[in-house]
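Enquirer: Sequence first, predicted model second:
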Amino acid sequence: MIRDHISLDGIDRYLAETGVQSSDFVPVQPREFSGEIFAVDGSNASICNWSTANVNLIRAGYAVYQGRVWRRTVITFDDVFLADPKQCKNMFDPFLQEFFGLNGVDLNESDLDRLSSYYRELQEYVAINDALTVAQPGDIILYDGSFDVFELLRGALATIFVRAEQKSVALLAVAKSSSLFWGEEISMPFVQHTSMAGSLLLPGSAWYLSLKDKKVDASQGRWNGQTYIVRFCGQSEHAFRVDAPSFLQGEMASVLGKLAAYSCSSECLGYPHALFRAHRDIRITEEEGAAVRQRLMGELLEMGMPHSEIRTLMQDFHDILEMRSGF
Amino acid sequence: MATTQEERQPGMGESMLSRKVIVKGDTTYKIVSKSVTEYHFTVPYILPDEERVEVGQIFSIKDQGLTFLARVLNIEHSSNYDGHWDTTMKGTQIFDQDQIFNRVIAEPLGCISETGGFKKTRTLPTKFAPVARAEINEFKFLRQVMGDIEIGYLRNGSRLVKDIPVALHSEAMDHHMGVFATTGMGKSNFMKVFAASCMRLAARGESKFGLLIVDPHGEYLKGKGPVKGLVHLKKYADGLVCYSTDKNNASDPGVEELMIGLKDIEPSDVALLYDWSPAQKDALEAISRIFGRDWLSDLNRPEGISKMVSENINEKTAGVLSKRIKNVLDKNRYINDIRSSIPNILANIQDGKVVLVDIPRMSDRSELFLLSVLSRCILDAYKEEARPARKNCLITIEEAQRVLGSESNTVRFETIAREGRKFGVGLCAITQQPKLLDKQLLSQFNTLVVMGLGDRNDRSQLEESAKQDLSSMDVEIQTLEKGEAVISTLNIPFPIPAKIHRYERYLEKLQEEDRSEDKLINKVGFRPVVD
Ligand SMILES: Nc1ncnc2c1ncn2[C@@H]1O[C@H](COP(=O)(O)OP(=O)(O)OP(=O)(O)O)[C@@H](O)[C@H]1O
Ligand SMILES: [Mg+2]
């Protein structure tokens, strides 16, 4: 049963049902490049969770590489976010206005988890925007994720696309996981099977495949760009979903060639190394989350809340089950 | 890693961003942990050979006004990555070299204050304080704590620190010294360097003790082939007095033939040469009562045995005694009733000279016998009221496990080890097997010169009885090369890694040093003050 859902069994059916042809796999020639690669990432950790209002620690920023050499990592946002539907507008609007010239959005959203995810995304766009202001023509900005985003933030992304195009900066979203699927009767994992097909067709080589006009729903047309499946490194088995704005369509081979030259690090073979570093430098560790939780409790205590009350409010039953000491 | 505020032109949204920029700082050569008793710092995981970190090296940590010193105990691979990233690694190139490093574990030695004074420390360096290999500047304070008997240079790992000579203190010598090394690691070379420095002090009238060396291997006097002996230090020949049982050697200028008078020998000296039955022991003890001071010559006469029998000693016992004593006299031809070198030997020692007794090709037993006789004479002399200018005495014992072993029955040397200090007599015990020495006796030794020791039991014996903590230096002691030593002694605040001078080179150095000093004296007309 499980096998039916995942086994590829030769590529004929895959080719037939997806509309992909062998010739759609385009080899990528790694090419050294002297410009900078920016990798934007964000992180979100739950600090406490009352189902009426959540507190999350959110961090966003980017790592900058020149060739194999890490230059710096810039953190553009690092703060707690109170997900409260009533307060929300005050949190989102100033950023949307200031950075993207948008009039604010109507966040008709009561799912608190989603609220904090949106806020993290917003801060990631602010980070992309920040990278754009320092990037030079020809540089590459990578974003950890997809450009098929939440509708209300699409406006921000549109502004970013325009700025990137004006500055001649390549902008790509690289997704570590993807929900793309293919198949007429049962749904099959698309990125993985494309990766296997690529290994058969272009063994040992980096390649990319455009999903334009393929029978795969990648939300084509919903945002101003195109989705690709890319193998960045010939020695790797992995392939990734890559989203690119439409202004890059003619340059994909060249941009991916530059990335391929820096996606074969020993630390993380097959993945653009700058994204690896961004992930590590920007992630919020468990200890950091715990420290922020402690600080928050301390502040509440200082404001005069009784200890027992804070304890009851802050303690997560998971911690009790896991026998983690808290406060 | 350093965090800086990036310079930027004011613009869009600047006021809303609290931008934090992490740039490549020096992530290595920094203290990262851990406690007052153990410091950890990071170093790059790849270093050129000459910069590799080794166990035993001393590093300095600059922290505001203080400079901490720490000795490397161990080095570990480390990184900022978790899990088995290093055994599952693909590809060929590490991009982020700054994420992988070695963690160096070091033990604190102490701390130098701004005024240059050194003391043990009760605190620890600030986290991220910079670390560097200790250089001449950080070691300068050692000059102040060094003594007057130069034996080598300071060593930092395998590197020489030529500006800091290592020198033992004359004052510590009556607290006994031990010299330990596996065979061939440089014990004899050390003793010659030590003796040379003593000769130099004696020749300059600065020596504080006389040194007795009884040499059964014939290596100290003239050396062998390219290996030089003490007579080659002509410059300071005044500080040396030599005696030899070898007729050839004794004909050399400056060497006297060794003579020991019959009267100088006591029955107890003979006692340690053989295993005796209780009856024989009693008889031996009775001898001085029966014969008086001339016991040796009297016993040797035909009526000797019958005199003993008349004193109720079993005839057979008396026969064994007589035979054995004759045997001793036969084997030790320097014993006679003509003349004795002992008064001169004593006088020279008390004058603070180096006295070398060269007894080549002599058996183990005979050597012990002679050493025992000399030691007794010395201790007896030092027990008497001292004349004002009398210098202390240091008695060298080669293969000291023979007489200071946990099972040895030679009380004489044990007595010196335990109470010689009261009279100004110290022992210099040389052995390749410290594990055979009696622990209690070993704990009386305040100066330890430890050279390469391969045997773990030898090392742990020393570590257990040393005054300073040597246990953390176990790996270093195990890996010491020829001529390298760790020296633990009074007045020097921590065990010092040293490279003992090679004797032949030291001879040259002494020659050089003095010539330049002579020149100075000739030119300027005064003796420069040595600080
Ligand atoms: N400080 C030194 N510097 C350079 N070489 C040395 C040093 N000490 C010893 N050696 C070398 O090691 C050789 C052996 O040294 P030495 O005879 O002093 O060893 P040992 O410990 O007395 O040996 P044994 O146990 O046989 O008496 C010397 O001939 C010399 O070549
Ligand atoms: Mg020797």
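Expert: It's in. Numbers count the residues shown, from 1 in each chain, chains lettered A, B, ... in the order given. Ligands and ions are numbered 1, 2, ... in the order given.
Enquirer: mind listing what B:D337 touches?
Expert: By CB atoms under 8 Å, 6 or more residues apart in numbering or on different chains, the contact set of B:D337 is B:G261, B:L262, B:K263, B:S297. Quick note: C-beta positions are derived from backbone N, CA and C, even for glycine.
Enquirer: List just the nearest of those residues to chain A.
Expert: Closest approach between the contacts of B:D337 and chain A, by CB to the nearest CB: B:G261, at 82.1 Å.
Enquirer: The closest one and ligand 1, how far apart?
Expert: 31 Å (CB to the nearest ligand atom, to the nearest Å).
Enquirer: since we're on that residue, how many residues are nearby?
Expert: Using other CB atoms under 10 Å in any protein chain shown, B:G261 is surrounded by 16 other residues.
Enquirer: Look up the closest residue to it, ignoring the ones flanking it.
Expert: Closest residue to B:G261 apart from its sequence neighbours, by CB to CB, 6 or more residues apart in numbering or on different chains: B:S340 at 3.4 Å.
Enquirer: Could you find the lowest-pLDDT member of the contacts of B:D337?
Expert: In terms of pLDDT, B:S297 ranks lowest among the contacts of B:D337, with 80.
Enquirer: Just give me the neighbour total for that residue.
Expert: B:S297: 14 neighbours (other CB under 10 Å).
Enquirer: thinking A:R59 is in contact with A:I75, fair?
Expert: Yes: assessed by CB atoms under 8 Å, A:R59 is found in contact with A:I75 at 6.4 Å.
Enquirer: and the closest residue to ligand 2 within chain B, backbone torsions?
Expert: Using CB to the ion, the point where chain B gets nearest to ligand 2 is B:S188, with a distance of 3.2 Å. The phi/psi pair for B:S188 (degrees, to the nearest 10) reads phi -60, psi -40.
Enquirer: cool, the one 10 residues further on as well?
Expert: The phi and psi values for B:C198, taken as degrees, to the nearest 10, are phi -70, psi -40.
Enquirer: ok, how many other residues are close to it?
Expert: B:C198, neighbours per other CB under 10 Å, totals 28.
Enquirer: ok, now which ones touch it?
Expert: Applying CB under 8 Å, 6+ apart, the residues near B:C198 are B:I149, B:S207, B:F209, B:L211, B:G239, B:V354.
Enquirer: From B:S170, how far out is the spatially closest residue to the third one that is not a sequence neighbour?
Expert: Okay, so that is B:F209. Excluding its sequence neighbours, the residue lying closest to B:F209 (CB to CB, 6+ apart) is B:N392, at 3.8 Å. From B:N392 across to B:S170, the span is 8 Å (CB to CB, to the nearest Å).
Enquirer: more neighbours, these two?
Expert: B:N392 (24 against 21).
Enquirer: any idea how far the more buried one is from B:S197?
Expert: 16 Å.
Enquirer: cool, and B:T415?
Expert: 28 Å.
Enquirer: which of these two has more neighbours?
Expert: Taking other CB under 10 Å, B:T415 and B:S197 do not tie; B:S197 has more neighbours (27 against 14).
Enquirer: Show me how far the helix or strand containing that one is from its chain's centre.
Expert: Using DSSP states H and E, B:S197 sits in helix B:187-203. Distance of helix B:187-203 from its chain centroid, counting by CA atoms, centre = their mean, to the nearest Å, is 12 Å.
Enquirer: Restricting to C-alpha, output that helix in CSV.
Expert: Presented in CSV, the C-alpha positions along helix B:187-203 are these (Å, rounded to 0.1, in the frame of the first residue of the first chain):
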residue,chain,number,x,y,z
LYS,B,187,70.7,11.0,33.5
SER,B,188,74.5,11.0,33.2
ASN,B,189,74.5,14.0,30.9
PHE,B,190,72.4,15.9,33.4
MET,B,191,74.7,15.0,36.3
LYS,B,192,77.7,16.3,34.3
VAL,B,193,75.9,19.6,33.5
PHE,B,194,74.9,19.9,37.1
ALA,B,195,78.5,19.1,38.3
ALA,B,196,79.9,21.6,35.8
SER,B,197,77.7,24.4,37.2
CYS,B,198,78.8,23.4,40.7
MET,B,199,82.5,23.5,39.6
ARG,B,200,81.9,26.9,38.2
LEU,B,201,80.4,28.2,41.5
ALA,B,202,83.2,26.5,43.4
ALA,B,203,85.9,28.0,41.3
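Enquirer: Could you confirm whether any residue of it contacts ligand 1?
Expert: Yes: using CB under 6 Å from any ligand atom, helix B:187-203 reaches ligand 1 at B:K187, B:S188, B:N189.
Enquirer: just checking, the second one touches B:G223?
Expert: No: because the distance of 9.7 Å does not satisfy CB under 8 Å, B:S188 is recorded as not touching B:G223.
Enquirer: Identify the contacts common to the two.
Expert: Counting by CB under 8 Å, 6+ apart, nothing touches both B:S188 and B:G223.
Enquirer: Tell me the secondary structure at the residue nearest to the residue of chain B closest to ligand 2 when sequence neighbours are not counted.
Expert: Spatial nearest neighbour of B:S188, chain neighbours left out: B:E219 (5.7 Å); criterion: CB to CB, 6+ apart. Three-state assignment for B:E219 (DSSP: H, G, I helix; E, B strand; the rest coil): coil.
Enquirer: tally of neighbours for B:E219?
Expert: Count around B:E219 with other CB under 10 Å applied: 18.
Enquirer: got a pLDDT number for A:D316?
Expert: 64.
Enquirer: From A:H279, how far off is whichever residue of the stretch 151-300 of chain A sits closest to ligand 1?
Expert: Residue of the stretch 151-300 of chain A nearest ligand 1, by CB to the nearest ligand atom: A:S266 (44.1 Å). From A:S266 across to A:H279, the span is 16 Å (CB to CB).
Enquirer: List the contacts of residue 200.
Expert: All of this is about chain A. So A:L200 contacts A:I11 (CB under 8 Å, 6+ apart).
Enquirer: Wait, chain B was what I had in mind.
Expert: B:L233, B:K235, B:Y236, B:G239, B:L510.
Enquirer: again, only this time at 7 Å
Expert: B:Y236, B:G239, B:L510 (CB atoms under 7 Å, 6 or more residues apart in numbering or on different chains).
Enquirer: what does A:A290 give?
Expert: Contacts of A:A290 (CB under 7 Å, 6+ apart): none.
Enquirer: does it sit in a helix, a strand or a coil?
Expert: Secondary structure, three-state DSSP: A:A290 is helix.
Enquirer: Disregarding residues adjacent in the polypeptide, which is nearest to B:T27?
Expert: Closest residue to B:T27 apart from its sequence neighbours, by CB to CB, 6+ apart: B:D98 at 5.0 Å.
Enquirer: my bad, A:D113
Expert: The nearest residue in space to A:D113 (CB to CB, 6+ apart) is A:N54, at 7.2 Å.
Enquirer: who's that neighbour bridged to?
Expert: A:N49, A:A83 (DSSP bridges).
Enquirer: list the contacts for A:S178?
Expert: Here A:S178 is in contact with A:V191, A:R241 (CB under 7 Å, 6+ apart).
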